[in-house]
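Peer 1: Got a predicted structure here, sequence first:
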Amino acid sequence: MLRLMDTRTRSVETITPATPGVLSVYACGPTVYRYAHVGNLRTFLLTDLLRRTAELLGLQVRLVQNITDVGHLQDDTNLDADGEDKLLAQARLENKDPFAVARFYEDAFHRDLALLNVKPADAYPRASESIDLMLSLIATLVDKGHAYVGEDGTVYFDARSFPGYGAISGNRLEDLRAGHGATGESTATGKRFHADWALWKRASENRAMTWDSPWGHGFPGWHIECSAMSLDLLGETIDVHTGGIDLRFPHHEDERAQSDCAVGHEVVRHWVRGEHLLFEGRKMAKSTGNVVLVSDVVARGFDPLALRLAFLSSRYRQQANLSWDAIAGAQRTLDRWRAAVAAWAEEPSKPMCAEVQQDVLEAFSDDLDTPRALQVLRKLEKSDLPAGAKFETFAWADRLLGLDLVRDVGKAPVPLPAGAAELLASRAAARAAKDFAASDRLRDELAVLGVAVKDTPAGQEWTLS
RNA sequence: GGCCGGGUGGCCGAGUGGCUUAGGCAAGGGCCUGCAAAGCCCUGUACGCGGGUUCGAUUCCCGCCCCGGCCUCCA
């Protein structure tokens, strides 16, 4: 049985799909105006772990993840026609068409997911291609009295029309400060109430990324896209909705209000959110200047899956403090496990260790307790169970871990650099003759070529560094 | 002002009303080795502060301090 921390009820809930056997999951995706940083990816990994666990438990998973390529403003309080969209700002910076920018970073997003072994979702709907869905949802909300056209021509959701507003975030309408952050002053002109938010914004004719609508030429607000696309692709009941903790408010609060008001009942059954990743003690953010990309991890010589392992070593709903040391430590473990798995694979296959298998699956089922699962596997690694059983169990567990642990099994030997074979032969001869001065000199020469030599009872062995 | 999450040994990080009190990294000692490397073994008794509940609290409750985040940009 899969259990997850539901941030609405604030307790660990057993996940029972509304449709038996089929788990529907909606994951808040990226706004594709820049590369995703590793903090973003940690949240996407959460969805992947959920999916892998559910599948191993025998559920069919229907996963939808949106691509936000329009409507996400730099500053949502600036609701006039010049409100700057994140994508438009980036397009201006890069001197490109905004949709070209969006497609570029969307491709990068998919590549990053692949590098982290995150399985693709079943659908990646784009906001810009779901405008009709949003317009019809907005019309429904206006008809039902949950939305109104403000004096500025923008369509707003009436926050006070949804009694459950605030249930996710714990924010009470009367305690919300008007305006942006602590500054206090609202800059929006057409709202009836400061907590109302825009569903459709009026825009001037010459603005890019705009569409015609019954409420004039304009563009959608950020929150409405998730309601529209999730209702369309997953229906009026969604088992699990994932995202980052920072989306709790206002994004998810507003999405819930829109979806529930449109269909008349609770749409999302469970909200699951990943905590922030800190880097060197600070939240990873552009404004903090500590953004790390997958490409940065690769540039430092690490396997992207070392990053995945580093993430697995802490619980998704705990803030984690990542560092280069932590990634390096994960890389060492990853290397050791891959080598061990490859060595075990040489031994006769034995049945999986059922107890370990059960413990690992139970750890994942228990609100994705990956640190515990890793502990179970470390114990197995050091146990005196047959190598064949260790191999089978690790190979099985990798379906959850996604670390390519069997990558080096039966791997063809890597060719030596030119001249290295001769040096190795000379060194073997020198050692046989107990000429250790020559032996040490040859070891240094091989190291320069990138060949690391170590001596074992069976003779010298080498690896490429 | 409101809301959320934390404070665990040198560092990172699990966890728990008592039990041999994770694990990793780093450190020290040892085995092994011609020397290294790798590996293996051993060592280090920690839970922010003050109260309370309890036979017993790091774990539960209250207060306080500190840290991170959110309050209409954010995974």
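Peer 2: Looks like it arrived, so ask away. Keep in mind the model is a prediction, meaning the values are calculated, not measured.
Peer 1: which stretches of the stretch 301-450 of chain A aren't confidently modelled?
Peer 2: Scanning the stretch 301-450 of chain A for pLDDT under 70 picks out A:413.
Peer 1: And the residue of it closest to RNA strand B?
Peer 2: In the stretch 301-450 of chain A, the residue that lies nearest RNA strand B is A:Asn321 (2.8 Å; CB to the nearest atom of the strand). The way it works is simple: take the backbone N, C-alpha and C, and place the C-beta from them, glycine included.
Peer 1: Also the stretch 201-350 of chain A?
Peer 2: A:Gly244 (1.5 Å).
Peer 1: Using neighbour counts, pick out the buried residues of the one helix or strand A:Phe394 maps to.
Peer 2: Assigned by DSSP states H and E, A:Phe394 belongs to helix A:387-401. With burial defined by 16 or more other CB atoms under 10 Å, the residues of helix A:387-401 counted as buried are A:387-398, A:400-401.
Peer 1: ok, now how distant is A:Asp132 from RNA strand B?
Peer 2: Using CB to the nearest atom of the strand, to the nearest Å, we find A:Asp132 at a distance of 22 Å from RNA strand B.
Peer 1: Where does that residue sit: helix, strand or coil?
Peer 2: For A:Asp132, the assignment made with DSSP: H, G, I helix; E, B strand; the rest coil gives helix.
Peer 1: Please report the distance of it from A:Glu225.
Peer 2: 12 Å (CB to CB, to the nearest Å).
Peer 1: Look up the residues forming beta bridges with the nearest residue to the residue of the stretch 301-450 of chain A closest to RNA strand B once chain neighbours are set aside.
Peer 2: Closest residue to A:Asn321 apart from its sequence neighbours, by CB to CB, 6 or more residues apart in numbering: A:Leu278 at 4.6 Å. On the basis of DSSP bridges, A:Leu278 is bridged to A:Lys283, A:Asn321.
Peer 1: picking that back up, out of A:Asp132 and A:Glu225, which sits in the more crowded spot?
Peer 2: Remark: of A:Asp132 and A:Glu225, A:Glu225 carries more neighbours, 27 against 12, as counted by other CB atoms under 10 Å.
Peer 1: ok, residues contacting the helix or strand where the more buried one lies?
Peer 2: Assigned by DSSP H and E, A:Glu225 belongs to helix A:222-234. Residues from elsewhere that reach helix A:222-234 (CB atoms under 8 Å, 6 or more residues apart in numbering): A:24, A:26, A:28, A:62, A:64, A:66, A:68, A:71-73, A:76, A:123, A:125, A:127, A:130, A:133-134, A:136-138, A:197, A:199-200, A:238, A:241, A:250-251, A:254-255, A:258-259, A:262-263, A:267.
Peer 1: What strands flank the next helix or strand after that helix, and is each parallel or antiparallel?
Peer 2: Next along the chain after helix A:222-234, taking DSSP H and E as the criterion, comes strand A:238-244. Applying DSSP bridges, strand A:238-244 is found paired with strand A:22-27 (parallel), strand A:268-274 (parallel).
Peer 1: and strand A:238-244, what's its mean pLDDT?
Peer 2: Averaged over strand A:238-244, pLDDT sits at 94.
Peer 1: Show me how far it is from its chain's centre.
Peer 2: Chain-centre distance of strand A:238-244: 12 Å, with CA atoms, centre = their mean, to the nearest Å.
Peer 1: again, but for stretch A:433-440
Peer 2: With CA atoms, centre = their mean, you get 53 Å for stretch A:433-440.
Peer 1: That one near RNA strand B anywhere?
Peer 2: Yes. Shown here: stretch A:433-440 in contact with RNA strand B (CB under 7 Å from any atom of the strand) through A:Phe436, A:Ser439, A:Asp440.
Peer 1: Give me the three-state assignment for the closest residue to the first one other than its chain neighbours.
Peer 2: Counting by CB to CB, 6+ apart, the nearest residue to A:Phe436 once its immediate chain neighbours are dropped is A:Ala430, at 7.7 Å. Counting by three-state DSSP, the backbone at A:Ala430 sits in helix.
Peer 1: Quick check: A:Ala430 touching A:Arg443?
Peer 2: No. A:Ala430 is not in contact with A:Arg443 according to CB atoms under 8 Å; the separation is 9.7 Å.
Peer 1: can you put the buried residues of helix A:387-401 in CSV and add distance to A:Asp48?
Peer 2: Formatted as CSV, the buried residues of helix A:387-401 follow (distance: CB to CB, whole Å):
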residue, distance to A:Asp48
A:Ala387, 29
A:Gly388, 29
A:Ala389, 27
A:Lys390, 25
A:Phe391, 24
A:Glu392, 23
A:Thr393, 21
A:Phe394, 19
A:Ala395, 19
A:Trp396, 17
A:Ala397, 15
A:Asp398, 13
A:Leu400, 10
A:Leu401, 11
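Peer 1: any idea of the mean pLDDT for the host helix or strand of A:Asp455?
Peer 2: Mapping A:Asp455 onto the secondary structure by DSSP H and E places it in strand A:451-456. Confidence over strand A:451-456 (mean pLDDT, whole number) is 86.
Peer 1: Partner strands of that strand, with direction?
Peer 2: Sheet pairing of strand A:451-456 (DSSP bridges) gives strand A:459-464 (antiparallel).
Peer 1: Show me what the partner strand is in contact with.
Peer 2: Residues contacting strand A:459-464 (CB under 8 Å, 6+ apart): A:414, A:416, A:420, A:424, A:427-428, A:431, A:446, A:450-455.
Peer 1: about what we covered before: of the residues of stretch A:433-440 next to RNA strand B, select the buried ones using a PyMOL command.
Peer 2: Buried residues among the residues of stretch A:433-440 next to RNA strand B (16+ other CB under 10 Å), as a PyMOL selection:
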select buried, chain A and resi 439
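Peer 1: out of the residues of stretch A:433-440 next to RNA strand B, who's nearest A:Asp152?
Peer 2: A:Asp440 (79.6 Å; CB to CB).
Peer 1: Quickly find the element holding the closest one.
Peer 2: Going by DSSP H and E, A:Asp440 is part of helix A:436-448.
Peer 1: circling back: neighbour count: A:Ala430 and A:Arg443, which is higher?
Peer 2: A:Arg443 (21 against 18).
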